[in-house]
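Peer 1: generate coordinates for the sequence data below:
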Amino acid sequence: MSVPLSILDLSPLVTGGSVQDALRRTLDLARNAEHFGYHRYWVAEHHFTPGVASSQPALLLGQIAAVTENIRLGSGAVQTGHQTALTIVEQFGLLDALYPGRFDLGIGRSGQAKKEVLREAAKVAEPQEERVVDGLLIPKPFSWAPIFASKRTALASSYLTQPGAEPLPLNEVLDQISGLLAGPVSDGEGNEVVAVPGAGADLEVWLLGSSGGESAHTAGARGLPFAANYHVAPAKILEAVSAYRESFVPSATLSAPRVMVSADVLVAEDDETARRLAAPFALWVHSIRTGLGAVPFPSIEQALGYAWTDEARALVKDRVDTQFVGSPATVAERLRTLQRVTGADELLITTIAYDHADRVRSYELLSKEWHS
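Peer 2: Now for the predicted structure:
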């Protein structure tokens, strides 16, 4: 029996398109995703990214909930370094009050993760080479350290937090969120406050992670479900799921580990058509890897006319090689390999194409093949 398929949407802009176009396409895709039988529809949180309109998950999820009926909706992920636990709980509590029992609160570390990456980059480690594990490509790791240390990142960060503010440790944030959701919270001296809306909200809390670091260990130790990012950091996927499972302690939420694994996917009627539609992906990833933030998704003509250097191709190789591109049968086979090797209980699919109809069609073809 196949595991469920879900969707992660960035609300991508395309070259020549607008934010309004991107958001309307997200609403249309969500309606179609529900019709196609996808289990969840998650939206991302990205800031100062020219090609991504999904900057405020809670606001966008409210719009999606209004045009869908039953599909679960969630954040992939709320970045805890940029807001307080109360703000997060109130936002998702409001959503749950309007559309009860439909929301996942997916949480990521943002500012904390940047510091971890920079610390790790300072260490001398043995270089890791590309390898294949039981049919699954595990590429050489990519380091975000130069981007996180850049002046552009510093400028962006200055607008994402209050002056002098430091993100709370992940466990403290989660303690606050769980306390506010259970509500009320007290100071031990008879004083209480309650999050309204928020207290008592029926939310499924997830942690997201791209390595075997703090998020994976914390999700396991707290008995929470964990979403691991093969599409962002394919080199780290096995250590991420292993760290989570090794750390897992049963909780009131889960009696056993529960893992969702993401993948970049593009499906068309045949392999050749899919490869053509996927041509802009490398150029789009290149904009991310050079510190610009994702640019509006290029057209096929732009991509085919780009003059690649060996250095530029090497910069995006891991993401291009781990994008699952092809006919429904081709992609389904690769996804089943990903699921088998990682032991995923669910797969989270993210697809970008220049033409919205091609994007919708990709999800439709995959769903039909997966459930056939």
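Peer 1: neighbours around the closest residue in space to Gly135 that isn't next to it in sequence, how many?
Peer 2: Distances taken as Cβ to Cβ, 6 or more residues apart in numbering put Thr337 closest to Gly135, at 4.5 Å, once the chain neighbours are dropped. Quick note: C-beta positions are derived from backbone N, CA and C, even for glycine. Thr337 has 16 neighbours, counted by other Cβ atoms under 10 Å.
Peer 1: how far away is Leu207 from Pro296?
Peer 2: 30 Å (Cβ to Cβ, to the nearest Å).
Peer 1: which one of those two has more residues nearby?
Peer 2: More crowded of Leu207 and Pro296, by other Cβ under 10 Å: Leu207, with 26 against 19.
Peer 1: nearest spatial neighbour of that one, chain-adjacent residues omitted?
Peer 2: Leu207 sits nearest to Ala219 (Cβ to Cβ, 6+ apart), 3.9 Å away.
Peer 1: if I look at that neighbour, how far off is Arg258?
Peer 2: In terms of Cβ to Cβ, Ala219 sits 9 Å off from Arg258.
Peer 1: and the end-to-end length of stretch 225-244?
Peer 2: This stretch, stretch 225-244, spans 9 Å end to end (Cα to Cα, to the nearest Å).
Peer 1: residue ranges with poor pLDDT in this protein?
Peer 2: In the predicted model, the chain carries pLDDT under 70 at residues 1, 111-127.
Peer 1: overlap of the contact sets of Ala219 and Arg258?
Peer 2: Common contacts of Ala219 and Arg258, defined by Cβ atoms under 8 Å, 6 or more residues apart in numbering, comprise Pro225, Phe226.
Peer 1: tell me which of the two has more neighbours.
Peer 2: Ala219 (31 against 19).
Peer 1: so that one sits in a helix?
Peer 2: Yes: Ala219 sits within a helix when classified using DSSP: H, G, I helix; E, B strand; the rest coil.
Peer 1: that one against Gly212, yeah?
Peer 2: No: using Cβ atoms under 8 Å, Ala219 makes no contact with Gly212, being 11.2 Å away.
Peer 1: give me the common contacts of those two.
Peer 2: Tyr244.
Peer 1: going along the chain, name the strands of the protein.
Peer 2: With strands called from DSSP state E, the chain shows them at 5-9, 40-43, 72-75, 78-79, 103-108, 131-133, 136-138, 185-186, 192-193, 203-209, 226-228, 259-267, 324-326, 346-350.
Peer 1: what sits against the residue nearest the centre of the chain?
Peer 2: Centrality entry for the chain: nearest residue to the mean C-alpha point is Gly76, 4.4 Å, by Cα atoms, centre = their mean. Residues in contact with Gly76 (Cβ under 8 Å, 6+ apart) are Leu8, Trp42, Val43, Ala44, Glu45, Pro57, Gly106, Leu208, Ala227, Leu348.
Peer 1: one more: Asp321?
Peer 2: Going by Cβ under 8 Å, 6+ apart, Asp321 touches Leu137, Pro139.
Peer 1: and the longest helix that the chain contains, what does it pack against?
Peer 2: Across the chain, the longest stretch assigned as helix under DSSP state H is helix 19-36. With contacts taken as 3 or more Cβ pairs under 8 Å, 6 or more residues apart in numbering; DSSP states H and E, helix 19-36 sits against strand 5-9, strand 40-43, helix 57-67, helix 356-370.
Peer 1: can you rerun that using 7 Å?
Peer 2: Counting contacts by 3 or more Cβ pairs under 7 Å, 6 or more residues apart in numbering; DSSP states H and E, helix 19-36 packs against strand 5-9, helix 57-67, helix 356-370.
Peer 1: comparing the ones you listed, which comes out most buried?
Peer 2: Comparing these by mean neighbour count (mean count of other Cβ atoms under 10 Å), strand 5-9 ranks first with a mean of 25.
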